[in-house]
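>>> Structure for the following, please:
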Amino acid sequence: MAKLKHQQLAILGGEPVRETLLPYGRQWIDEADIEAVVETLKSPFLTQGPKIKAFEEAVAGYAGAKYAVAFSNGTAALHGACFAAGIGEGDEAITTPMTFAASANCVRYCGGNVVFADIEPDTYNIDVNRMKALIGKRTKAVIPVDFTGQPADLDEIMETAKTHNLIVIEDAAHSIGAVYKNRRVGSIADMTMFSFHPVKHVTSGEGGVIVTDSEHFYERLLLFRSHGITRNRDMMHNTGEGEWYYEMHELGFNYRMTDIQAALGLSQLRKLNEFTARRRQIASRYTELLSSIPGIVLPYQKQDRQSSWHLYIIRLELDRLSADRNMIFAALRKENIGVNVHYVPVHLHPYYRRLGCGKGLAPAAESVYEGFITLPLFPAMTETDILDVVSAVEKVIGHYAK
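Got it, this is the predicted structure:
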């Protein structure tokens, strides 16, 4: 591979490292998954049937939580969690800017205001000390994000939340299967959201789940995802009607998952441990092979937790390179490596700028973002795929090294 850095870059007319594009993420669907979906398609239930409950129970059991509520997608699940937490007009919730916009948008959907706490410059997770400094009289909740699959500092966050009577909604879209101090993600926060989008660890096509140990939150989540309507007679104001009767208690949404999605998710969940182990193997291989390449910073992992490795992000040391991130990104794409960037800091989006946010609000997040590049990482990757990625990084970085 050492010779590759002297070869002509594909972006300059040379031969690419590989012939076809390797995406940054991709689902792995097998015959068992297909059969599970077909079985449901042939059943009497396409939605609101038995597969939903089975999927919820499986996710709760895996996470070590009492309850789980399935939603049509992860964003809807976060919206439901904010509703269950009672976030409303004038309330504030603290989250990180280094995440997908949904982690903040869910607060806005409920009429609340988002407060962004800057990140740790090594893990890229929320900085607990900065979070503590932002807690005020209007703070209702904290939404930590397990960025790339590495759990945030959950013990410190939960302790702080308890002291200030706050609710913790853990955005674990990246971290199903992750372990924090010998406890699985999903068993710690007041509510935890898992995502089942196709690029995540396992997929239901689209889908999200909130797990919780709180019966109160569980009942609120169930109500919210189904138009605010209940058929639970213990909750009804009028119990004199027949079995057909139902009542709308809240202005809820139609955020229900289908049985088709749940059937796929249930089948995929059986392979979660295998998929997570493979992601860890690929991440370990990357770290081994990339560690000798100057000009890049590899992911930092704290010793008391195990990432589930949704993403593998390298950070360019731009002062050691003669190209900016855009040029490096374009050069890697021309080598047929489907790199990506995660994420544009949320507070820099035009919508949040109109709310008063902007550059300088989170210096650490803004600084590291400038050098971020996400490498391909998904369980179906082969050793050849891994070597192609490493070869392309070495080739491109070697070309632009000062």
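
>>> now the helices for the stretch 251-400 of the chain?
For the stretch 251-400 of the chain, applying DSSP state H, counting those that start in this stretch gives helices covering 259-269, 272-290, 325-334, 350-354, 363-369, 383-400.

>>> Can I get those in CSV including mean neighbour count and distance to residue 100?
(Each C-beta comes from the backbone N, C-alpha and C, glycine too.) Converted to CSV, the helices of the stretch 251-400 of the chain look like this (neighbours: other C-beta atoms under 10 Å; distance: least, C-beta to C-beta, whole Å):
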stretch, mean neighbour count, distance to residue 100
helix 259-269, 25, 20
helix 272-290, 17, 19
helix 325-334, 18, 19
helix 350-354, 12, 13
helix 363-369, 18, 13
helix 383-400, 21, 23
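
>>> check which helix or strand covers the closest residue in space to residue 310 that isn't next to it in sequence.
Distances taken as C-beta to C-beta, 6 or more residues apart in numbering place residue 174 nearest to residue 310, at 3.8 Å, with adjacent residues excluded. Remark: residue 174 resides in no helix or strand, with elements defined by DSSP states H and E.

>>> i'd like the first residue to be 24 from this point on
Let's use 24 as the start, then, which means that last one is residue 197.

>>> How about the contacts made by residue 197?
168, 169, 170, 171, 172, 218, 223, 331, 333, 334 (C-beta atoms under 8 Å, 6 or more residues apart in numbering).

>>> 10 Å instead, please
When contacts are counted by C-beta atoms under 10 Å, 6 or more residues apart in numbering, residue 197 touches 122-123, 168-174, 208, 217-218, 223-224, 330-334, 365.

>>> mind checking which of the helices of the stretch 274-423 of the chain is nearest residue 48?
helix 295-313 (10.5 Å; C-beta to C-beta).

>>> Extract the CA atoms of the closest one and return them as PDB.
Taking C-alpha atoms only, helix 295-313 is exported to PDB below (Å, rounded to 0.1, in the frame of the first residue of the first chain):
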ATOM      1  CA  LEU A 295     -27.800  -7.700  16.100                       C
ATOM      2  CA  ASN A 296     -25.000  -9.300  18.200                       C
ATOM      3  CA  GLU A 297     -23.400 -10.700  15.100                       C
ATOM      4  CA  PHE A 298     -23.700  -7.400  13.200                       C
ATOM      5  CA  THR A 299     -22.300  -5.400  16.200                       C
ATOM      6  CA  ALA A 300     -19.400  -7.800  16.600                       C
ATOM      7  CA  ARG A 301     -18.600  -7.400  12.900                       C
ATOM      8  CA  ARG A 302     -18.700  -3.600  13.100                       C
ATOM      9  CA  ARG A 303     -16.300  -3.700  16.000                       C
ATOM     10  CA  GLN A 304     -13.900  -6.000  14.000                       C
ATOM     11  CA  ILE A 305     -14.000  -3.500  11.100                       C
ATOM     12  CA  ALA A 306     -13.400  -0.600  13.400                       C
ATOM     13  CA  SER A 307     -10.500  -2.400  15.000                       C
ATOM     14  CA  ARG A 308      -9.000  -3.200  11.600                       C
ATOM     15  CA  TYR A 309      -9.300   0.400  10.500                       C
ATOM     16  CA  THR A 310      -7.500   1.600  13.600                       C
ATOM     17  CA  GLU A 311      -4.700  -0.900  13.100                       C
ATOM     18  CA  LEU A 312      -4.200   0.000   9.500                       C
ATOM     19  CA  LEU A 313      -4.700   3.700   9.600                       C
END
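
>>> quick one: that helix to helix 282-292, angle?
Here helix 295-313 runs at an angle of 60 degrees relative to helix 282-292 (axes from the mean of the first three to the mean of the last three C-alpha atoms, to 10 degrees).

>>> and helix 295-313, what does it pack onto?
Judged by 3 or more C-beta pairs under 10 Å, 6 or more residues apart in numbering; DSSP states H and E, helix 295-313 is in contact with helix 73-86, strand 335-339, strand 395-398, helix 406-423.

>>> if we go to 8 Å?
strand 335-339, helix 406-423 (3 or more C-beta pairs under 8 Å, 6 or more residues apart in numbering; DSSP states H and E).

>>> CSV for the ones you listed, including mean pLDDT and distance to residue 179?
Supplementary listing: the helices and strands packed on helix 295-313 in CSV, determined by pLDDT from 0 to 100; distance: least, C-beta to C-beta, whole Å:
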stretch, mean pLDDT, distance to residue 179
strand 335-339, 98, 23
helix 406-423, 98, 34
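
>>> so can I have TSV of these showing distance to residue 66?
Converted to TSV, those look like this (distance: least, C-beta to C-beta, whole Å):
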stretch	distance to residue 66
strand 335-339	39
helix 406-423	37
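
>>> dump the residue contacts of residue 149.
Residues counted as contacts of residue 149 (C-beta under 8 Å, 6+ apart) are 118, 119, 140, 142, 143, 167, 168, 175, 176, 180.

>>> quick check, nearest of these to residue 351?
Residue 351 has its nearest neighbour among these in residue 142, at 22.0 Å by C-beta to C-beta.

>>> in what helix or strand does residue 178 lie?
Secondary structure from DSSP H and E places residue 178 in helix 177-187.

>>> what does residue 191 give?
Residue 191 belongs to strand 190-194, assigned by DSSP H and E.

>>> Also residue 262?
Going by DSSP H and E, residue 262 is not in any helix or strand.

>>> ok so, going back, and the average pLDDT for the strand holding residue 191 is what?
For strand 190-194, mean pLDDT rounds to 99.

>>> who does it touch, helix- and strand-wise?
By 3+ C-beta pairs under 8 Å, 6+ apart, strand 190-194 packs against helix 97-107, strand 162-166, helix 177-187, strand 214-218.

>>> Which secondary structure elements does the third one sit against?
In terms of contacts (3+ C-beta pairs under 8 Å, 6+ apart), helix 177-187 is packed against helix 151-156, strand 162-166, strand 190-194.

>>> for the last one, the distance to its chain's centre please.
Same thing as strand 190-194. The chain centre lies 13 Å from the centre of strand 190-194; the measure is C-alpha atoms, centre = their mean, to the nearest Å.

>>> got the angle for that strand vs strand 162-166?
Comparing the axes of strand 190-194 and strand 162-166 via the same axes, to 10 degrees yields an angle of 30 degrees.

>>> so after strand 190-194, what's the next helix or strand?
Taking DSSP H and E, what comes next after strand 190-194 is strand 202-203.

>>> Good, wrapping up.
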